[in-house]
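Colleague: Pasting the sequence and the predicted coordinates here, then a few questions.
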Amino acid sequence: MDARIEGEALIRESSTEHPLYDTVVEACRSVYDPEIPVNIFDLGLIYTINISDESDVSIIMTLTAPGCPVAGEMPGWIADAVEPLPGVKTVNVELVWEPPWGMDMMSDEARLELGFM
């Protein structure tokens, strides 16, 4: 996925090499969209997980639609799932609407679970 506006990437790369990355991803996978029986990571709602050298975690996410009934709550659910992880210093979750979420952002596992494969 390489969404760009005027040459600038809309979705920044994640800190996949950081030792905490996989643990943070698993914590994100523990949070489910209440309307769709798939976790928010596999739905493609987590755009970026950035982890600093000091273990400050910054997560950029979106929702399936701006009118989502849990729009105000879901970023807090993510923070609550990630913050208690050993080694995590702070957590900041930012909700964005660009690029808009699309079904093509779902993992193959999510598509299979929802019957799209």
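Modeller: On my side now, so go ahead.

Colleague: could you pull out the helices for this protein?
Modeller: Ranges of helices within the chain are 21-28, 74-82, 108-113, based on DSSP state H.

Colleague: Same list (these) but as CSV, adding mean pLDDT, mean neighbour count and distance to residue 55.
Modeller: From N, CA and C alone the C-beta is placed, and that goes for glycine too. Supplementary listing: the helices of the chain in CSV, determined by pLDDT from 0 to 100; neighbours: other C-beta atoms under 10 Å; distance: least, C-beta to C-beta, whole Å:
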stretch, mean pLDDT, mean neighbour count, distance to residue 55
helix 21-28, 97, 18, 10
helix 74-82, 96, 19, 11
helix 108-113, 87, 15, 28
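
Colleague: got the ones you listed as JSON lines, with distance to residue 102 columns?
Modeller: Putting those into JSON lines (distance: least, C-beta to C-beta, whole Å) gives the following:
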{"stretch": "helix 21-28", "distance to residue 102": "19"}
{"stretch": "helix 74-82", "distance to residue 102": "18"}
{"stretch": "helix 108-113", "distance to residue 102": "12"}
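
Colleague: Between the ones you listed, which one is closest to residue 98.
Modeller: Of all the helices of the chain, the one in closest proximity to residue 98, counting by C-beta to C-beta, is helix 74-82 (16.1 Å).

Colleague: Just want the angle from the closest one to helix 21-28.
Modeller: Interaxial angle, helix 74-82 versus helix 21-28 (axes from the mean of the first three to the mean of the last three C-alpha atoms, to 10 degrees): 130 degrees.

Colleague: Show me what helix 74-82 packs onto, helices and strands only.
Modeller: Secondary-structure packing of helix 74-82 (3 or more C-beta pairs under 8 Å, 6 or more residues apart in numbering; DSSP states H and E): helix 21-28, strand 56-61, strand 90-95.

Colleague: Paired strands for the last one, with orientation please.
Modeller: Looking back up the chat, that one is strand 90-95. Strand 90-95 sits in its sheet next to strand 56-61 (parallel), going by DSSP bridges.
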